[in-house]
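Peer 1: Fold the following, please.
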Amino acid sequence: MHHLLPLLVAVPLLGATLLVATGRLLPRPAAEITGLVVSGGTAALAVLLLLHSSPPLVEWVGGWWPVDGESVGIVVVGDGPALGMATLASLLTLAALAYSWRYFDEPPRGHAGAFPALMLVFQAAMCGFAIAGDLFNAFVFFELMSVVAYALTGSRIDEPKAVQGAMSFGVVNSLGAYALLMGLGLLYARTGELALAKIGRGLDATAGPGGPDALVLAAFVLVLTGLLVKAAAVPFHFWLPDAHAVAPTPVCMLLSGVMVELGSYGVWRVYTTVFAGPGGIPAADLTRALVTLGVLTAVVGALMCWYQRHIKRLLAYSTIAHTGLFLIGLGVLTPEGDDGIALYIVGHACVKAALFACTGALLDRFGSVDEHTLHGRARAMRAFGVMFAIGGLALAGLPPFATALGKGIAEEAVGGPLTVVFVVVSAVTGGAVLRVTARVFLGLGPRPQDAAYETSGSDEEPETGGLLSRIPDSMTAVPAVLLGAAFAAGVAPGFGGTVARSVNEAGSGGAHAAAAWTAAGILLGLLSALIALGLAGLAVTRPNWVNRVPGWAVPLRRLQSGHVGDYVAWVLFGATALGALALPGVLGG
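Peer 2: A predicted model of the protein is given here:
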């Protein structure tokens, strides 16, 4: 089976090549069917390989197998987490293509294969990053993923805000890529290796008695900076809301559904294989760095999420908040924490993609994603109202969704005050989504008084040829299936245990955790869902509580300036802060 691993990248790339070569000749249905078939075939292959991922699959592409332990070939690794992320990326790409079936109206006109071809290249890059066994090729797929995402985000080149959002996205993520490249260069200079496992062994072999030296610390900071930019962790997060505000809905489904999660996955993968040994970064220092950044990311994301009326931006900040929870769970460095976050990522990906799909339907029906402008206008869209409410409750952690299962396991792993962070942040983000549901789909509460707001989303261009009088069945079915998948992942017998076994086999190798529902997890999930409902109710009955941003939150809002120079400065500041947090002896190390 290991010989099939490179096909996860090759098949979608070949499909994209075919669409680019023939896209001007193919009718639109044929081009879209081709994209669906290629994406679906890759997803089926990923599932097949995932079922055979124990013991992990290893393949040296092109037959360049090591000789006497040395090789210049490209190694790909198919263990449970890698193939799980490749499967998630492929299934969400398939869902995004199905969502856009026969309606999506994006430039360039006259080339029916352009959009599905870009989506297939995006899928190939995400799969390649997930299974890359060496750091250089992880960087290559990191960059390919970013370049395609820039093009998809700024596809409406006739709209200045789309170009601006794509530019911010491109510049900030390029800085992250440069940081990753410099970090792997330092690691190569120290060890002479690029394969992740070999770099880890090389660092251990050259470790001194005093712990990591300046070169190892610098490499660690640079590599993690690149990955945390992709994960949209604070203060590297500014590109994500700007990109989501202008990106087409199917692209938003992938950005928040899987690309950001790949950044968190990359942090886990690099630490466990490269920096976890005696020649790497001490566990206490990594925990301090990741937990601190995680708490900051979760709190900032939740606050900014609550004070948004642009629904796409609201969902983007929700993604940032949950990224913070992912980093906290990974940062405690326990098998239970890893298991919980793995399940959390699966549920979050499905729920967030479904919420963006529902938001896209609002945009194409009314030409707006402004919570105020849409007040009560979507009463007739009952199915979407139900799905939006379910998505909000799932985001808040209501059992038995996979978000609740993963959150409950992670909460028990982190313990203490950090559990409060999980409950409050999930409740605030879920409450913001439920508030939108009550106002937009039910028309509850007084109509909000309009106030000056720089990004309201009230005058957006639909992604169809014109406003839709009827929502296509594909746009309704996709979010329903995604929410059903999040539900099924939470209740399927043995699913949590299977995920836990694969994560522990590939990561820490610790004792296998049950990864099942517990009374504490269920009660905390119900508590966060009840708080979310309460917050939404207060927001609807007291609209000024949301409309009037408190003075202490105004500076936080102003940091999202839209100026790429500001975002670059924050990337540099974030890298410096990460180095200070990881430096032994600093801040209580």
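
Peer 1: what mean pLDDT does stretch 315-328 have?
Peer 2: In this model, stretch 315-328 carries a mean pLDDT of 96.

Peer 1: which intervals of the stretch 51-200 of the chain have sub-threshold pLDDT?
Peer 2: For the stretch 51-200 of the chain, applying pLDDT under 70 flags the ranges 102-112, 157-158, 160.

Peer 1: same thing but 80
Peer 2: The stretch 51-200 of the chain contains residues with pLDDT under 80 at 62-73, 102-113, 154-165.

Peer 1: the helices in it, which residues?
Peer 2: All helices of the stretch 51-200 of the chain, identified by DSSP state H, counting those that start in this stretch, fall at 80-99, 114-131, 135-153, 160-191, 196-205.

Peer 1: looking at those, which is closest to Asp364?
Peer 2: Among the helices of the stretch 51-200 of the chain, helix 80-99 comes nearest to Asp364, with 11.0 Å by CB to CB. Every C-beta, even on glycine, is put in place using the N, C-alpha and C of the backbone.

Peer 1: and the closest one, what does it pack onto?
Peer 2: helix 28-51, helix 114-131, helix 249-254, helix 260-270, helix 335-366, helix 473-491, helix 495-506 (3 or more CB pairs under 8 Å, 6 or more residues apart in numbering; DSSP states H and E).

Peer 1: In a markdown table: the ones you listed, plus mean neighbour count.
Peer 2: Listed next are the helices and strands packed on helix 80-99 as a markdown table, based on neighbours: other CB atoms under 10 Å:
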| stretch | mean neighbour count |
| --- | --- |
| helix 28-51 | 19 |
| helix 114-131 | 28 |
| helix 249-254 | 27 |
| helix 260-270 | 26 |
| helix 335-366 | 27 |
| helix 473-491 | 20 |
| helix 495-506 | 21 |
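
Peer 1: Please produce TSV containing these, extended by distance to Ala138.
Peer 2: Shown next, in TSV, are the helices and strands packed on helix 80-99 (distance: least, CB to CB, whole Å):
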stretch	distance to Ala138
helix 28-51	18
helix 114-131	6
helix 249-254	18
helix 260-270	7
helix 335-366	18
helix 473-491	27
helix 495-506	15
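
Peer 1: of all those helices, which lies closest to Ala582?
Peer 2: Judging the helices and strands packed on helix 80-99 by CB to CB, what sits closest to Ala582 is helix 260-270, at 12.3 Å.

Peer 1: what mean pLDDT does the closest one have?
Peer 2: Throughout helix 260-270, pLDDT has a mean value of 94.

Peer 1: what's the answer for stretch 280-298, then?
Peer 2: Stretch 280-298 comes out at a mean pLDDT of 93.

Peer 1: likewise stretch 241-252?
Peer 2: For stretch 241-252, the mean pLDDT works out to 89.

Peer 1: Ok, stretch 479-490 next?
Peer 2: 96.

Peer 1: And the contacts of it?
Peer 2: Around stretch 479-490, the neighbours that count as contacts under CB atoms under 8 Å, 6 or more residues apart in numbering are 95, 99, 343, 346-347, 350-351, 353-355, 357-358, 383-384, 387, 390-391, 394, 399-405, 495.

Peer 1: returning to what we had before: in JSON lines: the helices of the stretch 51-200 of the chain, plus distance to His372.
Peer 2: Listed next are the helices of the stretch 51-200 of the chain as JSON lines, based on distance: least, CB to CB, whole Å:
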{"stretch": "helix 80-99", "distance to His372": "26"}
{"stretch": "helix 114-131", "distance to His372": "31"}
{"stretch": "helix 135-153", "distance to His372": "25"}
{"stretch": "helix 160-191", "distance to His372": "19"}
{"stretch": "helix 196-205", "distance to His372": "49"}
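
Peer 1: out of these, nearest to Ala438?
Peer 2: Of all the helices of the stretch 51-200 of the chain, it is helix 80-99 that lies closest to Ala438, at 24.9 Å by CB to CB.

Peer 1: Just the angle for that closest one relative to helix 473-491, thanks.
Peer 2: Helix 80-99 runs at 160 degrees relative to helix 473-491, counting by axes from the mean of the first three to the mean of the last three CA atoms, to 10 degrees.

Peer 1: mind checking how far helix 80-99 is from the chain centre?
Peer 2: Distance, stretch centre to chain centre, for helix 80-99: 12 Å (CA atoms, centre = their mean, to the nearest Å).

Peer 1: can you state the direction angle for that helix and helix 135-153?
Peer 2: 20 degrees.

Peer 1: Centre-most residue in the chain?
Peer 2: Geometric centre of the chain, nearest residue: Val260, 2.6 Å, by CA atoms, centre = their mean.

Peer 1: Hmm, it is touching Ala321, no?
Peer 2: No: if you go by CB atoms under 8 Å, Val260 and Ala321 don't touch, sitting 11.4 Å apart.

Peer 1: hmm, back to that, for Gly534, find the nearest of the helices of the stretch 51-200 of the chain.
Peer 2: Nearest of the helices of the stretch 51-200 of the chain (CB to CB): helix 80-99, 31.7 Å.

Peer 1: The closest one vs helix 260-270, what angle?
Peer 2: Per the same axes, to 10 degrees, the angle that helix 80-99 makes with helix 260-270 is 170 degrees.

Peer 1: what comes up buried for helix 80-99?
Peer 2: 80-99 (16 or more other CB atoms under 10 Å).

Peer 1: tell me the angle that helix makes with helix 335-366.
Peer 2: Orientation note: helix 80-99 sits at an angle of 10 degrees relative to helix 335-366 (the same axes, to 10 degrees).

Peer 1: Just the C-alpha atoms of helix 80-99, please, in CSV.
Peer 2: Provided in CSV are the C-alpha atoms of helix 80-99 (Å, rounded to 0.1, in the frame of the first residue of the first chain):
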residue,chain,number,x,y,z
GLY,A,80,-2.8,7.9,11.2
PRO,A,81,-2.6,11.7,11.8
ALA,A,82,-1.0,12.4,8.4
LEU,A,83,-3.5,10.4,6.4
GLY,A,84,-6.3,11.6,8.6
MET,A,85,-5.5,15.2,7.7
ALA,A,86,-5.1,14.2,4.0
THR,A,87,-8.5,12.6,4.2
LEU,A,88,-10.1,15.6,5.8
ALA,A,89,-8.5,18.0,3.2
SER,A,90,-9.8,15.8,0.4
LEU,A,91,-13.3,15.4,1.7
LEU,A,92,-13.7,19.1,2.3
THR,A,93,-12.3,19.9,-1.1
LEU,A,94,-14.9,17.5,-2.6
ALA,A,95,-17.6,19.2,-0.5
ALA,A,96,-16.5,22.7,-1.6
LEU,A,97,-16.6,21.6,-5.3
ALA,A,98,-20.0,20.0,-4.8
TYR,A,99,-21.2,23.2,-3.1
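
Peer 1: in the stretch 301-450 of the chain, which ranges drop under the pLDDT threshold?
Peer 2: Along the stretch 301-450 of the chain, segments meeting pLDDT under 80 span 447-450.

Peer 1: If we use 70, what do you get?
Peer 2: Within the stretch 301-450 of the chain, the ranges that satisfy pLDDT under 70 run 449-450.

Peer 1: Break down it into its helices, ranges please.
Peer 2: Counting by DSSP H, counting those that start in this stretch, the helices of the stretch 301-450 of the chain are 311-331, 335-366, 382-396, 402-414, 417-436.

Peer 1: Distance to Pro116 for the ones you listed - can I get that in JSON lines?
Peer 2: What follows is those, written out as JSON lines (distance: least, CB to CB, whole Å):
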{"stretch": "helix 311-331", "distance to Pro116": "22"}
{"stretch": "helix 335-366", "distance to Pro116": "17"}
{"stretch": "helix 382-396", "distance to Pro116": "25"}
{"stretch": "helix 402-414", "distance to Pro116": "29"}
{"stretch": "helix 417-436", "distance to Pro116": "30"}
